[in-house]
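Visitor: Show me how the following folds:
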Amino acid sequence: MNKEKKLLVLSIIVIIVVSGFILYNLSQKTPVWQKIYKGPDNETGHSVINAFKGGYLALGNKEISGDTDVYLIRVNALGNQTWETTLGGPGDDYGYSLRQSLARKYIFVGKTSSYGAGGYDAWFVNVEEDGTPSFNVTYGGSGDDAAYSFKQTKDSRYIITGKTSSFGSVLGDVYLLKVNPNGVMQWQKSFGGPGTDWGKSVLQSENANYWVLGSTNSYGYGGYDFYLVETNPEGSLVLSKTFGGTGDDFGDTIVENIDGSFILTGKTNSSGKGSFDALIIKIDSYGNQTWNKTFGGSGNESATFSRETNDRGFLIIGDTTSYGAGGSDIFVLKTDYEGNVEWNKTFGGPGNDYASFILETFDRGYLLIGTTIPPKNGTRDIMMIKMDLNGNTVPL
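Guide: Predicted coordinates:
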């Protein structure tokens, strides 16, 4: 057999093996489940990520004898808990956002009154694979400061946003910090006016600038409005804009699309059908609104998190009192690129259920984390819902 024929045979074998592997994976059913992680105390769920050695790591908070600590839960692919740990000091400590670190560890941000300069401080914590903290750093001044969201930057650092009353307005300003992998601050900035302002979500765009979405009552049309801030890589202000109407509008998440546009999500009572409705706004790379849509019924809806999906659509989660089983229920809304609804689901029971974060998993599904409060004893518990790409799961 000559060289060309050998290469052809080898290529055919590779194609057959790869095709077989793809077909096998496509034939495997996505694991779906719902779990409630009950404890004697109040627990709330905030974030969940794919763990390095399989399964998932969840971040929340746990009250122990009136003291609040950060709560980490490790679960396997079927949602069965393998370990748990709490982190914190003598004061109250909260974790809000969790990510894999550059060194194959985990990082979460939040706020702490156990450590730092005074009141609450923004908190950056590095965690080992087994949940043991390796170091933690605080940021802030004599007022109250918090970190709500963070992302890895193009130069292998981290950008963090939250709220500060130590710098700027005593009522609170958007807090923006850049830190190195060890949490050492490179710079910090505050943005806002005489009222109350905060940052809830942050990202670095393709042009390397930083974009923050939060809320403000310093500027805008009335009440609170979406507050959008763009800075250059050094943290200097490029633009700030507000979106909203005469009522209250609160911004929660910003997502960059593949074409350089952005999706902003939150809630509004300036427009829509009910008291509050979920609000989605699409803007271009200059911050100009392209379209906006509201989703909801006669009750209250709030969009608490959104993400772009692999098919360039959007997954939006939140809470609803218009639909579902009773009280407040979790909703999951899947839209296409233009914000047209492809499917929507509600989850929950007769009590109150709230969504915080949703993960697109490696096994072609979604994993949602939130909090459930049963109607009788009122004790909060962490809830996780594993669903397939169409939002299907199994009953509790």
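
Visitor: After the helix or strand hosting residue 253, which helix or strand is next? Please name it.
Guide: Under the criterion DSSP states H and E, the helix or strand holding residue 253 is strand 249-256. In the C-terminal direction, the helix or strand that comes right after strand 249-256 (DSSP H and E) is strand 262-268.

Visitor: from the middle of its chain, how far away would the strand holding residue 253 be?
Guide: Between the centre of strand 249-256 and the centre of its chain there are 10 Å (Cα atoms, centre = their mean, to the nearest Å).

Visitor: Also stretch 60-69?
Guide: Chain-centre distance of stretch 60-69: 21 Å, with Cα atoms, centre = their mean.

Visitor: host element of residue 98?
Guide: Using DSSP H and E, residue 98 sits within strand 93-100.

Visitor: ends of stretch 115-133, how far apart?
Guide: When the termini of stretch 115-133 are compared using Cα to Cα, to the nearest Å, they are 14 Å apart.

Visitor: likewise stretch 347-367?
Guide: Across stretch 347-367, first to last residue, Cα to Cα, it's 13 Å.

Visitor: Check the burial of residue 52 by counting its neighbours.
Guide: 12 (other Cβ atoms under 10 Å). For the C-beta atoms, the positions are set from N, CA and C on the backbone; glycine is no exception.

Visitor: what's the nearest residue to it if we skip its chain neighbours?
Guide: Leaving aside its chain neighbours, residue 52 sits nearest to residue 104 (5.8 Å; criterion: Cβ to Cβ, 6 or more residues apart in numbering).

Visitor: Could you measure from that neighbour over to residue 350?
Guide: Between residue 104 and residue 350 the computed distance is 42 Å (Cβ to Cβ, to the nearest Å).

Visitor: higher neighbour count, the two?
Guide: Between residue 104 and residue 350, counting by other Cβ under 10 Å, residue 350 is the more crowded of the two (13 against 10).

Visitor: can I assume the more buried one sits in a strand?
Guide: No: counting by DSSP: H, G, I helix; E, B strand; the rest coil, residue 350 is located in no strand; its state is coil.

Visitor: need the contact list for it.
Guide: With contact taken as Cβ atoms under 8 Å, 6 or more residues apart in numbering, residue 350 is in contact with 325-327, 374-375.

Visitor: and which of the residues you listed is nearest residue 66?
Guide: Comparing the contacts of residue 350 against residue 66 with Cβ to Cβ places residue 374 closest, at 21.0 Å.
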